Every structure is written in structure tokens, then in C-alpha cells.
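Engineer: For reference, the sequence and a predicted model appear below.
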Amino acid sequence: MAQLDDRRLLAKIANLYYEEDATQSEIAKVFGVSRSLISKYLSKARELGIVEIKINDQESHPFMEIESTLEKMYGLREVIIIPSVEGEGQKQKLGLATSKYLLRLIKGKETIGVSSGTTLYEVVKATHSNRHFPNVRFVPLVGGVGNERMDIHSNHIVAQFATNLHAKYHLLHAPVMVDSHEAKKIITNQSTIRQTFQMGSNADIAIVGIGASPVHSTMVKTYIDKEDFDYGDAIGDICYNFINEDGQASENDWNKRVISLELDKLKQIPTVIGVAGGKEKVLSIQSALKGKLVDVLITDEETASRLVDISNQT
């Protein structure tokens with residue numbers, strides 16, 4: 001049989017495969033060789049430029065280039081970008097994109113940790129499937145009750161996920177924050193609370209929002225009524241933990257009182273999906289990426305572009 005550098009043969013095989021839709025097995029029969037050898041011929045045809053494969057992504061996937069840029073910048077497993085829209089519609093689109101990604105990941109036996117907030121609420125609202133997942137378990141990563149509206153609490157969100165997917169869930173019977181560091185130690189040492197956080201630490205997947213700086217934070221407006229509260233070097237939050245510009249836990253009184261999975265344990269979860277968008281969150285998202293707190297980022301086009309711009313400036 002001709003060698004791999006026989007360009008005429010390579011062109012003929014490539015034409016059969018790419019233009020006439022013949023299978024590698026069918027082509028192998030025509031030329032009396034093995035299917036594996038046909039595969040080698042096709043690879044050689046691409047190597048020599050006889051075949052050029054072009055992905056027409058501008059219409060079907062216009063954000064591929066910027067997604068790839070951010071993935072390389074921060075060592076992310078995947079970036080998913082949606083078109084930017086005004087108002088609450090953006091959170092709904094982020095929720096739908098996150099839901100699709102989550103359903104792509106679920107195989108049927110995962111433990112999935114969940115934070116709370118309005119964006120996570122949009123994720124669970126969008127999550128529906130004809131499949132049942134009786135061996136999947138949802139567990140809160142932050143205090144399950146607090147002062148915000150009930151539907152964005154972590155306990156409500158995990159229960160709704162379980163209802164929508166016919167899965168299991170576990171509740172965290174603890175507030176978002178307590179009065180002192182001593183009270184936090186007492187509560188988190190309770191056996192049921194400790195067991196729930198252990199489940200969260202051992203989760204296969206986590207879905208978390210990324211909060212804006214304290215000035216723009218819904219969390220601050222809800223739980224902190226002191227105008228002179230010292231936020232330290234906080235630039236945003238993740239799982240209710242304030243973080244600094246390097247994505248490390250910020251030194252402030254809030255972090256000593258919040259009931260939440262510790263950031264070091266969050267980083268040990270194999271797949272952490274961070275979902276957030278909006279210009280007020282750009283710096284906090286960048287901090288979370290610098291701190292390697294998420295593996296997958298789901299955001300909008302404008303936010304992604306700003307992330308690339310500020311990263312190129314530093």
C-alpha cells in the first residue's frame with residue numbers, strides 16, 4: 001500500500017470521508033486496509049494541509065474567542081458567556097445558562113453544594129428535566145435562614161432543586177450570621193451542623209454566586225446596619241465570605257461571624273461553578289478567579305470584556 005506521504009491517495013481518502021460522508025470502515029474496505037490506517041491517513045492529510053477544518057463560530061458561538069482568552073488567563077476549565085441584557089433579565093439568562101451546564105455535568109450520584117442569593121434563585125427556577133435523579137443530593141454551603149426573602153435562602157434553593165429533579169436534599173438549620181465569633185464556634189460545632197458542612201466539603205459540584213464590593217452588596221444592606229462597619233480589605237464575597245483582591249478571606253468581623261463553608265474547603269470541591277455578571281461585580285469576579293475559587297465561570301459578554309481589559313492592564 002502507498003506510504004503516508006502519497007498526497008494523491010491522501011486527497012482521495014479525505015474526499016471520500018469529508019465530501020462524500022463515507023465512514024472510515026467503508027473507505028478501509030475500498031482500499032483493502034484497516035480502519036486504523038485510514039484514520040492515520042486522515043490525520044496526515046490534515047497535517048499536510050490537504051484538509052483544513054474551519055469552525056464557523058461567529059454566528060453559532062460568537063463568544064468563543066473571549067471565552068478561550070479567559071480560560072487561558074485564569075486556568076479555568078470552562079467559561080460560558082451569554083449576551084448582556086439590561087435589568088433582571090440578565091440574571092434569568094445567567095440562571096438558564098448555569099442550569100444547562102449543571103444538567104450536562106450530572107451523571108446521577110453527585111452531591112451538589114449550593115450557596116444562596118437572587119442569581120442562584122434564577123438557576124433553580126430554570127432547572128427542570130424529564131430525567132429523575134434519585135441518587136443526587138443537594139446540600140447548602142451557607143446558613144440556610146436569614147433576613148432576606150425566603151426564596152433566596154440556601155435551604156429553599158436546595159429543596160427546590162430536589163423537587164425539580166426528583167433528587168434528595170439536606171438542610172442547614174443555622175442562620176447566615178450570628179452575634180459573635182464565640183457563637184459561631186458553638187453553632188458550627190453542633191453535630192447536625194457539622195455533618196451538613198462535612199457533606200458540603202465532600203461535594204462533587206458546587207454552584208456559587210459572587211457578590212459585589214461591600215458598597216454594592218445586597219448582603220451588606222441586609223445584615224449590616226452600621227455605617228461605620230470595618231470591611232477591612234474586602235472587595236467582594238463568595239459563599240458569604242468577604243474576599244480581598246487576591247481572592248483570600250478578608251480580615252474583618254463579618255467573616256468571624258458568618259456561617260459558611262470555609263474558602264479552603266470550597267477550593268477542594270472538584271468542580272466549583274461561579275455565576276455572576278454586571279459591571280459592579282467585575283473586580284470581585286476577578287478576585288475570585290485570582291484566588292482559584294472557581295473552576296467554571298458563567299457570566300455575560302460585557303462583564304467578560306471588562307475582565308479581559310483589567311487583566312491586561314495589570
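Structural biologist: Thanks, I have the structure now.
Engineer: how much space between the closest residue in space to L283 that isn't next to it in sequence and M199?
Structural biologist: Using C-beta to C-beta, 6 or more residues apart in numbering and skipping the chain neighbours, the partner closest in space to L283 is I235 (5.5 Å). In short, each C-beta sits where N, CA and C put it, glycine included. Distance, I235 to M199, by C-beta to C-beta, to the nearest Å: 29 Å.
Engineer: Please list all residues in contact with the residue nearest to L283.
Structural biologist: By C-beta atoms under 8 Å, 6 or more residues apart in numbering, the contact set of I235 is S213, I243, N244, E245, S250, L283, S284, S287.
Engineer: Now the buried members of the residues you listed.
Structural biologist: Among these, the ones that count as buried by 16 or more other C-beta atoms under 10 Å are S213, I243, N244, E245, S250, L283, S284, S287.
Engineer: secondary structure element for the last one?
Structural biologist: Remark: S287 resides in helix 282-290, with elements defined by DSSP states H and E.
Engineer: can you give me the strands for the chain?
Structural biologist: With strands called from DSSP state E, the chain shows them at 78-82, 111-114, 137-140, 168-169, 205-211, 236-238, 241-243, 271-275, 296-300.
Engineer: Pull the distance from the fifth one to the chain's centre.
Structural biologist: Averaging C-alpha positions (C-alpha atoms, centre = their mean, to the nearest Å) puts strand 205-211 7 Å from its chain's average.
Engineer: Give the pairing partners of that strand; include direction for each.
Structural biologist: strand 111-114 (parallel), strand 236-238 (antiparallel), strand 271-275 (parallel) (DSSP bridges).
Engineer: closest to Q92 out of those?
Structural biologist: strand 271-275 (11.9 Å; C-beta to C-beta).
Engineer: can you put the buried ones among the contacts of I235 in a markdown table and add distance to V142?
Structural biologist: Listed next are the buried ones among the contacts of I235 as a markdown table, based on distance: C-beta to C-beta, whole Å:
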| residue | distance to V142 |
| --- | --- |
| S213 | 19 |
| I243 | 14 |
| N244 | 19 |
| E245 | 22 |
| S250 | 16 |
| L283 | 22 |
| S284 | 16 |
| S287 | 18 |
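Engineer: Now the two most distant members of the residues you listed.
Structural biologist: Using C-beta to C-beta, the buried ones among the contacts of I235 reach their maximum pairwise distance at S250 and L283, which is 13.2 Å.
Engineer: who does the most centrally placed residue in the chain bridge with?
Structural biologist: Central residue of the chain (C-alpha atoms, centre = their mean): I273, 2.0 Å from the mean position. When assigned by DSSP bridges, I273 has beta-bridge partners I207, V296.
Engineer: Distance check, the residue nearest to L283 against D246.
Structural biologist: According to C-beta to C-beta, I235 stands 9 Å off from D246.
Engineer: again, but for D6
Structural biologist: Going from D6 to D246 by C-beta to C-beta gives 57 Å.
Engineer: Looking at these two, which has the bigger crowd around it?
Structural biologist: Neighbours were counted for D6 and for D246 using other C-beta atoms under 10 Å; D6 has more, 14 against 11.
Engineer: thinking again about what came up before, nearest to K12 among the contacts of I235?
Structural biologist: Closest approach to K12 among the contacts of I235 (C-beta to C-beta): S287, at 55.8 Å.
Engineer: if we can go back for a sec, could I get the contacts of I235 as TSV with distance to T23 and pLDDT?
Structural biologist: As requested, these are exported to TSV (distance: C-beta to C-beta, whole Å; pLDDT from 0 to 100):
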residue	distance to T23	pLDDT
S213	56	81
I243	52	96
N244	56	95
E245	54	94
S250	58	92
L283	52	94
S284	51	95
S287	50	96
